[in-house]
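In: How does the following fold in three dimensions:
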Amino acid sequence: MDEMSNRLVSLIIVTAGKNNYIESCLDSVIKQTHPKLEIIAIDNSVNRNFGQDILRRYPNINLYQSQKNLFYCQALNRGIEMSNGDFILCLNDDVILDKRFIEEALKGFNIDTRIGMVSGKILRSDGKIIDSTGLFLSYWRTAKERGYGCRDRGQFEGGGYIFGVNGAAAFYRKVMLDQIKEGQQYFDSDFHIFYEDLDIAWRAHKFGWKGYYIPKAIAYHIRGGTVRQGKGINRRCARHFLSEDLHFDLFKNRYITIIKNETFLGFLLHLPFTVIYDIFLWSYLLIFKFSVVKIILSKRIPISSAFRKRTLLKKLISHKHRQAIRVGQ
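Out: You can find the predicted model right below:
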């Protein structure tokens, strides 16, 4: 029997109670061929009746009902604290897993002991358009989803190393999360939502961890199902369909991610690209989303907190290197 079949996987599903996405997600989780699962649902709906209805339908899951909206990152942190698994699969509730997703994705962790993140092939809900085949760090210092919006023609059927994993279906090795966490936080709660997957991946690489892509692990994602407004589901130009507050999170989190993780040399090398990106970004906001500009000017962006976490990260990495030296002596 494969050694991975005996490893406990903890699934953490965050739901806002929108459009009954959670039911389809849980149905797909229950059908997984991997035998050892721990299912944790974090109810962010702030509706006690909604949570109780979930428990009636799925009595074997662990449900945490928050009295307030924890936002996505805080909710994931709560779920990880509750978990007991060797591997953590963080899911948006608008994701449906192929029944062999976990079984196939676990094979990625077996390839190399330094692989701490595994991505499957994430398709849109129609099964034809690619949502992500791995997360990469762009020249603009943004999250780049490989294959995003392209028709799946089998062009990503080979497995291989990637920078990180898309947050909609993010599979992590628990020991990696424990090593890179900032104080008591795995995901940075200053983010609320957006860029948390890139931040985790960037941090992990600094500690020597790697990401891997397994094409046979297939999932289906309703892109923007829980955060976009109106007709924005599965559409390009995601920021155009976000609420003002979510748009603010998307804006600030890119800067926080750069402050926390970018090296001085990396900053200099990519400065022309980031300047060009910012010119286009600010032009878009001033012309089409001036209400978001007002929020940016009125709200506090946690810059000092980001610099403190950057310093903490350096200390953690230095401590890791000292430990490695002592072990090698």
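
In: CA atoms of the strand ranked longest in the chain as CSV?
Out: Secondary structure assigned by DSSP state E gives strand 210-221 as the longest strand of the chain. Below are the C-alpha coordinates for strand 210-221, written out as CSV (Å, rounded to 0.1, in the frame of the first residue of the first chain):
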residue,chain,number,x,y,z
LYS,A,210,9.4,24.2,-3.3
GLY,A,211,6.1,23.9,-5.2
TYR,A,212,5.0,21.2,-7.6
TYR,A,213,2.3,20.8,-10.2
ILE,A,214,0.4,17.5,-10.7
PRO,A,215,-1.9,17.6,-13.8
LYS,A,216,-3.9,14.5,-12.8
ALA,A,217,-5.2,16.3,-9.7
ILE,A,218,-8.2,18.1,-11.2
ALA,A,219,-10.5,20.7,-9.6
TYR,A,220,-13.2,23.0,-10.9
HIS,A,221,-13.4,26.6,-9.7
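
In: Give me the helices and strands touching that strand, please.
Out: Here strand 210-221 touches strand 95-97, helix 101-111, strand 115-124, strand 160-162, helix 196-206, going by 3 or more C-beta pairs under 8 Å, 6 or more residues apart in numbering; DSSP states H and E. In short, each C-beta sits where N, CA and C put it, glycine included.

In: centre of the chain versus the following helix or strand past that strand, how much separation?
Out: Per DSSP states H and E, the first helix or strand lying C-terminal to strand 210-221 is helix 244-261. Here helix 244-261 is found 14 Å from its chain centre; the criterion is C-alpha atoms, centre = their mean, to the nearest Å.

In: After helix 244-261, which helix or strand is next?
Out: Counting by DSSP H and E, the next helix or strand C-terminal to helix 244-261 is helix 264-288.

In: by how many degrees do that next one and helix 244-261 diverge?
Out: Helix 264-288 and helix 244-261 meet at an angle of 170 degrees, taking axes from the mean of the first three to the mean of the last three C-alpha atoms, to 10 degrees as the criterion.

In: mind listing what's buried in the helix or strand just after helix 264-288?
Out: Toward the C-terminal end, the helix or strand that comes next after helix 264-288 (DSSP H and E) is helix 290-298. Buried positions in helix 290-298, judged by neighbour count with 16 or more other C-beta atoms under 10 Å: 292, 296.

In: Any chance you could list what contacts helix 290-298?
Out: Helix 290-298 is contacted by residues 244-245, 247-248, 251-252, 285-286 when judged by C-beta atoms under 8 Å, 6 or more residues apart in numbering.

In: Out of the residues you listed, which is nearest to Ile80?
Out: Distance ranking of the contacts of helix 290-298 against Ile80, using C-beta to C-beta, places Lys252 first at 23.3 Å.

In: Identify the residue nearest that closest one in space, chain neighbours excluded?
Out: Ile301 (4.8 Å; C-beta to C-beta, 6 or more residues apart in numbering).

In: hmm, back to that, which one, of the helices and strands packed on strand 210-221, ends up nearest to Leu281?
Out: For the helices and strands packed on strand 210-221, the distance to Leu281 is smallest for helix 196-206, at 16.2 Å, taking C-beta to C-beta.

In: the inter-axis angle of that closest one versus strand 115-124?
Out: Using the same axes, to 10 degrees: helix 196-206 against strand 115-124 is 150 degrees.

In: now helix 196-206 against strand 210-221, angle please.
Out: Inter-element angle recorded for helix 196-206 and strand 210-221: 160 degrees (by the same axes, to 10 degrees).

In: 385 is where my numbering starts, stick with that
Out: Will do, 385 is the new start, and the previous item becomes helix 580-590.

In: Now do the helices in the stretch 435-584 of the chain.
Out: Along the stretch 435-584 of the chain, counting by DSSP state H, counting those that start in this stretch, helices occupy 455-466, 485-495, 558-564, 580-590.

In: The nearest residue to Trp524 once chain neighbours are set aside: how many residues sit nearby?
Out: Nearest in space to Trp524, with sequence neighbours left out and distances taken as C-beta to C-beta, 6+ apart, is Tyr661 at 4.0 Å. If you count neighbours by other C-beta atoms under 10 Å, Tyr661 ends up with 17.
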